[in-house]
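K.L.:
Return atomic coordinates for the entry below.
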Amino acid sequence: MDSIGGARIAVDQLTAVPVVSIDDQLRELRRERDALRRENRILKIAVAELERVSERDTLTPLFNRRYFLTAIHQRLARFERHAESAAVVFADVNQLKYINDSFGHAAGDFALMQIADRLLSSIRATDVAARIGGDEFGLILDQSSEEGARAQVARLGEILSASPALYDGRSISLSACFGIAMLQTGMSESDILAAADRDMYRCKQAQGGALGHR
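P.N.:
From the prediction side, this is the model:
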């Protein structure tokens, strides 16, 4: 009797333990799956934003120096493989120090943003525009000859100086000097950019160095 009674008690205790159904388990797994999918989407968005920020200038809508050098490297590889020409342009803003001293640094930032917008709106979608220094910009003009690139930068110079930037009711004249370097075999991206910088400096000298850009 005792053994039979003990067996009955054990059975009763077993049947009292709640059993999670398969449907409940599946619902819980689906909830966990959906939560993981949401987290994965959030992480992908965060990674994409980090990648965007790492390539973009902090002030203007243009790319930054890091991206610009990478883009030159890519064009050099294309040039060596397929002879696809491109011109690298170095642009130095005139009189930014004067603008900062006369109107304030906020006005100087505004002038840089205006220049960036004008450059970006005046090149093709396949070209690259970047801010590579405080008052320095870089362009890559894809599939361009040197003659074509010089005609293009002459037009860009006219666009910059055609109308002043209006800041807080005051007019700020905009202009820049441009230098050009064509892709060449055996040169690194830094070499190409340095060559464009030297060509830009010759433009500054030709203007008499009276613009106070440095």
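K.L.:
Work out the gap between the helix ranked longest in the chain and the centre of the chain.
P.N.:
When the chain is parsed with DSSP state H, its longest helix is helix 22-55. Using CA atoms, centre = their mean, to the nearest Å, the mean C-alpha position of helix 22-55 is found 26 Å from that of the whole chain.
K.L.:
Could you do stretch 71-81 as well?
P.N.:
That offset, for stretch 71-81, works out to 19 Å (CA atoms, centre = their mean).
K.L.:
Now that we're looking at the residue nearest in space to the middle of the chain, what pLDDT does it have?
P.N.:
The geometric centre of the chain, computed from its C-alpha atoms, lies nearest to residue 56 (CA atoms, centre = their mean), at 2.5 Å. For residue 56, the pLDDT comes out at 95.
K.L.:
Quick check: it touching residue 68?
P.N.:
No - if you go by CB atoms under 8 Å, residue 56 and residue 68 don't touch, sitting 11.2 Å apart. For every residue, glycine as well, the C-beta is placed using N, CA and C.
K.L.:
Which residue ranges of the chain form strands?
P.N.:
Here the chain has its strands, by DSSP state E, at 86-93, 128-131, 136-142, 165-167, 170-172, 176-182.
K.L.:
could those strands be laid out in TSV, adding mean pLDDT and distance to residue 120?
P.N.:
Converted to TSV, those look like this (pLDDT from 0 to 100; distance: least, CB to CB, whole Å):
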stretch	mean pLDDT	distance to residue 120
strand 86-93	98	12
strand 128-131	98	5
strand 136-142	98	10
strand 165-167	96	15
strand 170-172	96	19
strand 176-182	97	14
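K.L.:
Which of those sits closest to residue 24?
P.N.:
Evaluated with CB to CB, the strands of the chain place strand 128-131 nearest to residue 24, the distance being 56.3 Å.
K.L.:
lowest-pLDDT helix or strand in the protein?
P.N.:
When each helix and strand of the chain is scored by mean pLDDT, DSSP states H and E, helix 2-16 comes last, with a mean of 52.
K.L.:
number of nearby residues for residue 104?
P.N.:
13 (other CB atoms under 10 Å).
K.L.:
That one: what's it in contact with?
P.N.:
Neighbour list for residue 104: empty [criterion: CB atoms under 8 Å, 6 or more residues apart in numbering].
K.L.:
again, only using 10 Å
P.N.:
Listed by CB atoms under 10 Å, 6 or more residues apart in numbering, the contact set of residue 104 reads 110, 167-168.
K.L.:
ok, and for stretch 76-85, which residues are buried?
P.N.:
Going by neighbour count (16 or more other CB atoms under 10 Å), the buried part of stretch 76-85 is 76, 79, 85.
K.L.:
Find me the pLDDT at residue 105, would you?
P.N.:
Per-residue pLDDT puts residue 105 at 96.
K.L.:
Was I right to think it contacts residue 59?
P.N.:
No - contact criterion CB atoms under 10 Å: residue 105 and residue 59 do not qualify, at 11.3 Å.
K.L.:
Compare these two and say which one has the larger neighbour count.
P.N.:
Neighbours per residue (other CB under 10 Å) separate residue 105 from residue 59, with residue 59 holding more: 14 against 11.
K.L.:
In this structure that one contacts residue 112, no?
P.N.:
Yes - Residue 59 is in contact with residue 112 according to CB under 10 Å; the separation is 6.2 Å.
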